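>>> A predicted structure for the sequence below; I have some questions about it.
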Amino acid sequence: MADRDLLPQNDFSRRIIHLDMDAFYASVEMRDRPELAGKAVVIARDPRKTGGHGVVATANYRARKYGVGSAMAAVQALKLIPARELVFVEPDFAKYRRVSGQVHDLMHELTDQIESVALDEAYLDVTRSKMPDKSPLQLASWLQERIFQDLRLTSSFGVSYNKFLAKMGSEYAKPFGRSYISPDRAQAFLDRQEIKNFPGIGKKTQERLQKEGVLTGGDLRAYGLDRLLKNFKKAGYYMALHAYGIDLSPVRASRQRKSLGKERTFEPVIYDQDRARAYLRDFSKTVAAELDQRQLLARVIILKLRDRNFKTITRRQMIQPSRDPDLFYQQAAELLDKEPEFLAEGIRLLGLSAGELEEAHYQEISLFADE
């Protein structure tokens with residue numbers, strides 16, 4: 001029996017869009033700061049000001065041509081990019097969240113079946129859209145054009161009958177590109193793709209496959225289901241599915257977040273308890289405000305600590321369902337007091353999260369409101 005006969009059947013009736021903003025953080029900064037035009041923009045703290053510390057959040061395409069990418073040590077960008085072109089921009093995640101919200105508002109004009117993967121990436125199920133007179137490709141093109149016209153930002157999209165192929169398409173099209181992978185063309189498209197382009201196949205797995213002559217999607221199919229299962233277990237099964245363009249996972253709309261939090265990394269580290277408490281109070285207010293906006297309550301407060309030696313711990317405290325910033329601060333401060341060795345060693349990272357979230361089914365009122 002052929003491998004394909006052992007695998008599940010595709011659902012060709014679905015229409016999925018994968019939207020991916022192009023170099024999102026860097027593009028927002030370039031839009032807001034015209035003087036960055038023509039520069040290699042790296043979103044990270046300048047390592048010349050942090051003693052060589054810091055990690056790249058993202059980089060624009062000019063910087064990427066020099067080999068700079070996300071999660072790279074920021075100091076490496078100094079070695080790769082000529083000084084006359086390089087500009088470090090400290091990330092402003094509050095701004096990026098606001099812009100992401102504007103992008104999502106436009107998405108909701110097409111459908112409410114939206115699965116957000118990150119601030120700059122989402123899947124949309126437009127099988128039954130709010131614009132039934134438009135084809136999936138027309139819907140995605142409309143969205144891309146509106147983002148460019150309204151927000152002055154570029155994006156790329158892929159359209160197909162499942163999430164895996166839609167994402168493959170958007171990655172294939174970047175930047176400011178568009179692709180449509182139809183059922184009759186999917187196999188030919190996958191067969192010629194390098195395995196490094198397959199989402200979910202990491203570098204170590206790529207190296208193992210390449211040693212056995214597996215370089216493309218076509219090679220992956222030829223490698224065979226039995227060998228994939230034997231050598232890669234569960235991951236091998238998913239590789240076989242993807243080699244045939246099979247993905248039955250749904251677009252999970254409005255996924256309930258398990259926690260909301262805020263954290264900060266300190267360079268240099270901090271030793272002062274009052275300073276740490278001040279940050280916890282600020283974090284408490286920020287987290288409580290976001291819970292209030294989302295009409296959520298928290299049952300757990302979580303403190304995260306990392307010292308200068310990169311030892312990291314989390315401590316949890318159960319509370320009655322609440323979004324009271326004073327309560328959050330009180331619990332976090334008490335947890336901090338129980339870990340004096342972290343202040344003694346120096347705190348590199350401090351974070352506060354609210355967990356085990358639930359919807360608030362009542363309206364909070366004050367018994368002492370002004371008449």
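Nice, thanks for sending it over.
>>> Please count neighbours and contacts with C-alpha atoms only from this point.
Will do.
>>> residues in contact with the helix ranked longest in the chain?
When the chain is parsed with DSSP state H, its longest helix is helix 273-294. Applying C-alpha atoms under 8 Å, 6 or more residues apart in numbering, the contact partners of helix 273-294 are 260-263, 270, 297, 323-326, 328-329, 332-333, 343, 350-354.
>>> If we use 6 Å, what do you get?
261-262, 323, 325, 328-329 (C-alpha atoms under 6 Å, 6 or more residues apart in numbering).
>>> Stretch 100-116 spans what distance, first to last residue?
Start and end residues of stretch 100-116 are separated by 10 Å (C-alpha to C-alpha, to the nearest Å).
>>> Okay, buried residues for it please.
By neighbour count on 16 or more other C-alpha atoms under 10 Å, the buried set for stretch 100-116 is 100, 103-104, 106-107, 110-116.
>>> from those residues, which ones fall inside helices?
100, 103-104, 106-107.
>>> which of those lies closest to residue 154?
Within these, the smallest distance to residue 154 is 11.0 Å, found for residue 103 (C-alpha to C-alpha).
>>> Not counting sequence-adjacent ones, nearest residue to that closest one?
residue 147 (6.7 Å; C-alpha to C-alpha, 6 or more residues apart in numbering).
>>> so where does the one you found fall, helix or strand?
helix 136-151 (DSSP states H and E).
>>> now swap in residue 19 and tell me
In this assignment (DSSP H and E), residue 19 forms part of strand 16-21.
>>> give me phi/psi at the residue nearest the centre of the chain?
Nearest residue to the geometric centre of the chain (C-alpha atoms, centre = their mean): residue 118, 3.0 Å. Main-chain dihedrals, residue 118, degrees, to the nearest 10: phi -160, psi -180.
>>> swap in the one 3 residues further on?
Summarising the backbone geometry of residue 121 under the convention degrees, to the nearest 10, its torsions are phi -150, psi 140.
>>> pretty sure it contacts residue 22?
No. Here residue 121 does not reach residue 22: they are 9.6 Å apart, not a contact under C-alpha atoms under 6 Å.
>>> which stretches of this protein have low pLDDT?
1, 254-258, 361-371 (pLDDT under 70).
>>> again, only using 50
Segments of the chain classed as low confidence (criterion: pLDDT under 50) are 362-371.
>>> all strands for it, in order.
16-21, 40-43, 58-59, 86-89, 114-118, 121-125, 155-160, 178-180, 259-270, 296-307, 312-322, 347-355, 358-359 (DSSP state E).
>>> partners of the fourth one in the sheet?
As defined by DSSP bridges, the strand partners of strand 86-89 come to strand 40-43 (parallel).
>>> And for the partner strand, what's in contact with it?
So strand 40-43 is contacted by 56-60, 62-63, 85-91 (C-alpha under 6 Å, 6+ apart).
>>> Pull out the buried members of those residues.
For those, buried by 16+ other C-alpha under 10 Å: 56-60, 62-63, 86-89, 91.
>>> Could you find the two of those that are most distant from each other?
Going by C-alpha to C-alpha, the pair spanning the buried ones among the contacts of strand 40-43 furthest: 62 and 91, at 17.9 Å.
>>> Domains in this protein, by residue range?
If you go by automatic domain parsing, the domain ranges for the chain are 3-9+186-243, 16-21+94-180, 24-91, 259-359.
>>> now the end-to-end length of the first one.
According to C-alpha to C-alpha, domain 3-9+186-243 extends 11 Å from its N-terminal end residue to its C-terminal end residue.
>>> Show me how far it is from its chain's centre.
25 Å (C-alpha atoms, centre = their mean, to the nearest Å).
>>> circling back: just name the closest of the ones in helices among the buried residues of stretch 100-116 to residue 129, please.
Nearest member of those to residue 129, counting by C-alpha to C-alpha, is residue 107, at 10.7 Å.
>>> distance of the residue lying closest to residue 26 once chain neighbours are set aside from residue 21?
Excluding the flanking residues, the one nearest residue 26 by C-alpha to C-alpha, 6+ apart is residue 60, at 5.4 Å. When distance is defined by C-alpha to C-alpha, residue 60 is 12 Å away from residue 21.
>>> Next: residue 239.
For residue 239, the distance to residue 21 - C-alpha to C-alpha - is 26 Å.
>>> now swap in residue 221 and tell me
31 Å.
>>> for residue 45, same thing?
Note on residue 45: its distance to residue 21, by C-alpha to C-alpha, is 22 Å.
>>> More neighbours: which of those two?
residue 21 (24 against 20; other C-alpha atoms under 10 Å).
>>> tell me the contacts of the more buried one?
120, 155.
>>> in the sheet, who's paired with it?
Going by DSSP bridges, residue 21 forms beta bridges with residue 155.
>>> coming back round to it: and which of the buried ones among the contacts of strand 40-43 is nearest residue 247?
residue 58 (28.7 Å).
>>> Pairing partners for that closest one in the sheet, please.
Counting by DSSP bridges, the residues bridging with residue 58 are residue 43.
>>> I'd say it and residue 70 touch.
Yes. Applying C-alpha under 6 Å, one finds residue 58 in contact with residue 70, separated by 4.7 Å.
>>> Quick check: closest non-adjacent residue to residue 80.
residue 66 (5.9 Å).
>>> Based on its surroundings, how many neighbours for the one you found?
14.
>>> Could you tell me the phi and psi values at it?
The phi/psi pair for residue 66 (degrees, to the nearest 10) is phi -90, psi 0.
>>> Sweet, I'm off.
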